[in-house]
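In: following is a predicted model, sequence given first.
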Amino acid sequence: MNENYKQMKIKIFGLLAIIGMFASCTDLSDEVYSELLAEEYPENEIQAQLITNNAYSQLQSHIDGGWWFAQEITSDLIVAPTRGSDWDDGGKWRALHTHSWDNNHEYVNNMWRNFYNGVTECNKAIEYLGDAETSKNAVAQMKVLRAYYYYLLIDNYGDVPYVTSFADAPETPEKVSRATVFNNIIADIESVIDDLEGSSTSSVNQYTAYALLAKLYLNAEVFTGTPMWEECENYCDLIIAGPYSLESNRLGAFVTENQNSPENIFTVPYDEDNYQGFILHRRTLHYTNTATFNARTTFWNGFCAQERLVDFFEDNDTRKAGLLLGQQFSSSGEQLFDTDAGNAPVVFTKEVPALRMDASFTSAQIRFSGARMVKFEIKSGVKDNLSNDLPIFRLADFKLMKAECQLRKTRGNLAIAKTEINDIRTAAGATAWDDADITLDNLLDERGREMWCEAHRRQDLIRFGKFTESWWEKSTDTEANHLFPIPQWAIDSNPNLN
């Protein structure tokens, strides 16, 4: 996690304790707010930046608050199988896998709440910061970050309320069409893009804005009905020509303390002690893997790769090292055994026999099936939380997006697409593709190899027309499931959401 970000977080808590800026009262005409704060803060750009902290902190929920689960567990690559009496949890994981969620599902609820919390905090900060010259960069960051939260909302829910004020926010806002929100947030980003400064991966800069615009245009046909491949490619080109480079180690962007990776553009910072919420290692590794990593925590033996993901990789593809298979060992090289499985050796298999493994399955099948996910480095002595930042935008994604634009455009250039794809494949030690390999279906598979575990798969499957197809332990479903339903609790509090 970026040290400057940690210091910023510490300072903002001190500042808020003194001035009570974001107290529960929402009356922006309050005497303390208007007279003390507006007159004295922010006096400079550093103080202005501190005011943005609450809006950024809402990103912390991305991994364990529902969004990551809804993008990956709903896909064809990762699964949270029920293992005997473990990992049933009322069927919530199976509902994601089989696309049978409803508007009371925990993560359907959480995403909506978390995204709108982010919008609200951005609106608060924008109104408080005002139009002073010292606030210009911070306000621009908040408008782009607000656009990012709305991008998540239209991606996951479609038509949603679009609110850009805090003091005058309506109590029961009406839904706005997905296309209207799309157009509004693009205009918002473009209006402030020249005011953005800096290069930190943990705060918004110009390249973050380029990346968000590229993502919006990439999915424009889904969001609005009109493809915008040229616009997407233009912003991809700005990023590719920018200060970023591919990691020669294809897992280098995911190591502990990865904030300095030359590949990462915008990340959610996590820290094992101060900015917690990254616990995928606990959700995937077997109980005995604590000895593998000298862990100062416990593991829960849950999430794993579907067999399809394992089979994606050639043997010489270094990205395959993000999957843990075979006999497991302690850090000193001793075989691991599971006393609750008849003292059987802990051997992870790529096959997962069923989504719901009941007592009819062997202990070994229940407890050892499925490759475990170690794409994000797990350091020796790992604690409850990881100190790996989550990349939201990184260079490899935009090279693959540029290739996709070339394949989808009426007069696309196959050679350009091949160059972008092979830059990544050769860095991973995989076989370079020939012209015959450059197809949309193959590109979707390559996006799976490169972007798995980073919360892109649901969106990719929808854009490629594959999300409702059948795959392991999932039947075909309807395009209604391209979107999640608005939570029932939200509808109960605002009938305009019906």
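Out: That came through fine.
In: just the helices in the stretch 301-450 of the chain please.
Out: Using DSSP state H, counting those that start in this stretch, the helices found in the stretch 301-450 of the chain span residues 307-312, 363-368, 395-408, 414-427, 440-451.
In: now the third one against helix 440-451, angle please.
Out: With axes from the mean of the first three to the mean of the last three CA atoms, to 10 degrees defining the directions, helix 395-408 sits at 170 degrees from helix 440-451.
In: residues contacting helix 395-408, please?
Out: Residues from elsewhere that reach helix 395-408 (CB atoms under 8 Å, 6 or more residues apart in numbering): 211, 214-215, 218, 227, 229-230, 232-233, 236-237, 239-240, 244-246, 253, 263-265, 412-414, 416-418, 420-421, 423-424, 438-440, 443, 446-447, 450-451, 456. Yep, even glycine has a C-beta here, placed from its N, CA and C like the rest.
In: the last one too?
Out: Contacts with helix 440-451, where a contact means CB under 8 Å, 6+ apart, come from 76-77, 250, 309, 312-313, 317, 319, 396-397, 400, 403-404, 407-408, 417, 421, 424-425, 428, 430, 433, 456-457, 460-461, 464, 466.
In: just the second one next, same as before
Out: Counting contacts by CB under 8 Å, 6+ apart, the residues outside helix 363-368 that touch it are 83-84, 286, 301, 338, 340-342, 344, 346-349, 353, 357.
In: what's the ChimeraX line that selects buried ones from the contacts of helix 395-408?
Out: To isolate the buried members of the contacts of helix 395-408 in ChimeraX, using 16 or more other CB atoms under 10 Å:
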select :211,214,215,218,227,229,232,233,236,239,240,244,246,253,263,264,265,412,417,418,420,421,423,424,438,443,446,447,450,451,456
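In: that older thread, what subset of the contacts of helix 363-368 is buried?
Out: Looks like the contacts of helix 363-368 have 83, 84, 286, 301, 338, 341, 346, 348, 349, 357 buried, using 16+ other CB under 10 Å.
In: dump these into JSON lines; add pLDDT and distance to residue 127 as well.
Out: Compiled in JSON lines, the buried ones among the contacts of helix 363-368 are given as follows (pLDDT from 0 to 100; distance: CB to CB, whole Å):
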{"residue": "83", "pLDDT": "99", "distance to residue 127": "49"}
{"residue": "84", "pLDDT": "98", "distance to residue 127": "52"}
{"residue": "286", "pLDDT": "99", "distance to residue 127": "49"}
{"residue": "301", "pLDDT": "99", "distance to residue 127": "47"}
{"residue": "338", "pLDDT": "98", "distance to residue 127": "56"}
{"residue": "341", "pLDDT": "97", "distance to residue 127": "58"}
{"residue": "346", "pLDDT": "99", "distance to residue 127": "55"}
{"residue": "348", "pLDDT": "99", "distance to residue 127": "52"}
{"residue": "349", "pLDDT": "98", "distance to residue 127": "55"}
{"residue": "357", "pLDDT": "99", "distance to residue 127": "52"}
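In: a markdown table please, covering those residues and showing distance to residue 377.
Out: Listed next are those as a markdown table, based on distance: CB to CB, whole Å:
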| residue | distance to residue 377 |
| --- | --- |
| 83 | 25 |
| 84 | 30 |
| 286 | 18 |
| 301 | 20 |
| 338 | 25 |
| 341 | 28 |
| 346 | 21 |
| 348 | 18 |
| 349 | 23 |
| 357 | 29 |
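In: which among these gets closest to residue 325?
Out: residue 348 (5.0 Å; CB to CB).
In: dump the residue contacts of the residue lying closest to that closest one once chain neighbours are set aside.
Out: Nearest non-adjacent residue to residue 348, counting by CB to CB, 6 or more residues apart in numbering: residue 325, 5.0 Å away. Applying CB under 8 Å, 6+ apart to residue 325 gives the contacts 310, 348, 349, 350, 371, 372.
In: show me what contacts the fifth one?
Out: For residue 371, the residues meeting the contact criterion (CB under 8 Å, 6+ apart) are 304, 305, 309, 310, 323, 324, 325, 348, 350.
In: now it: how far from residue 198?
Out: 39 Å (CB to CB, to the nearest Å).
In: ramachandran coordinates for the residue nearest to residue 348?
Out: phi -130, psi 160 (degrees, to the nearest 10).
In: report how many residues lie close to the residue lying closest to residue 195 once chain neighbours are set aside.
Out: In space, residue 195 comes closest to residue 140 once its chain neighbours are excluded; the distance is 3.9 Å by CB to CB, 6+ apart. Burial measure for residue 140: 24 neighbouring residues, criterion other CB atoms under 10 Å.
In: export the helix or strand where residue 140 lies to CSV, keeping only CA atoms.
Out: For residue 140, the host element (DSSP states H and E) is helix 136-157. Output of helix 136-157 as CSV, limited to C-alpha atoms (Å, rounded to 0.1, in the frame of the first residue of the first chain):
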residue,chain,number,x,y,z
LYS,A,136,-9.5,22.2,-8.6
ASN,A,137,-7.5,18.9,-8.7
ALA,A,138,-9.4,17.4,-5.8
VAL,A,139,-12.8,18.3,-7.3
ALA,A,140,-11.7,16.8,-10.6
GLN,A,141,-10.7,13.6,-8.8
MET,A,142,-14.1,13.4,-7.1
LYS,A,143,-16.0,13.9,-10.3
VAL,A,144,-14.1,11.1,-12.0
LEU,A,145,-14.4,8.9,-9.0
ARG,A,146,-18.1,9.6,-8.9
ALA,A,147,-18.3,8.6,-12.6
TYR,A,148,-16.5,5.4,-11.7
TYR,A,149,-19.1,4.5,-9.1
TYR,A,150,-21.9,5.3,-11.6
TYR,A,151,-20.1,3.1,-14.2
LEU,A,152,-20.3,0.3,-11.7
LEU,A,153,-24.0,1.0,-11.1
ILE,A,154,-25.0,1.0,-14.7
ASP,A,155,-22.8,-2.1,-15.4
ASN,A,156,-24.5,-4.1,-12.6
TYR,A,157,-28.0,-2.6,-12.4
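In: which residues are contacting the helix or strand following it?
Out: Moving toward the C-terminus from helix 136-157, the next helix or strand (DSSP H and E) is strand 160-161. Applying CB under 8 Å, 6+ apart, the set of residues contacting strand 160-161 from outside is 150, 153-154, 173-176, 178, 181, 486, 494, 496-497.
In: need the buried ones from those selected in ChimeraX.
Out: Of the contacts of strand 160-161, the buried ones can be selected in ChimeraX as follows, counting by 16+ other CB under 10 Å:
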select :150,153,154,175,176,178,181,486,494,497
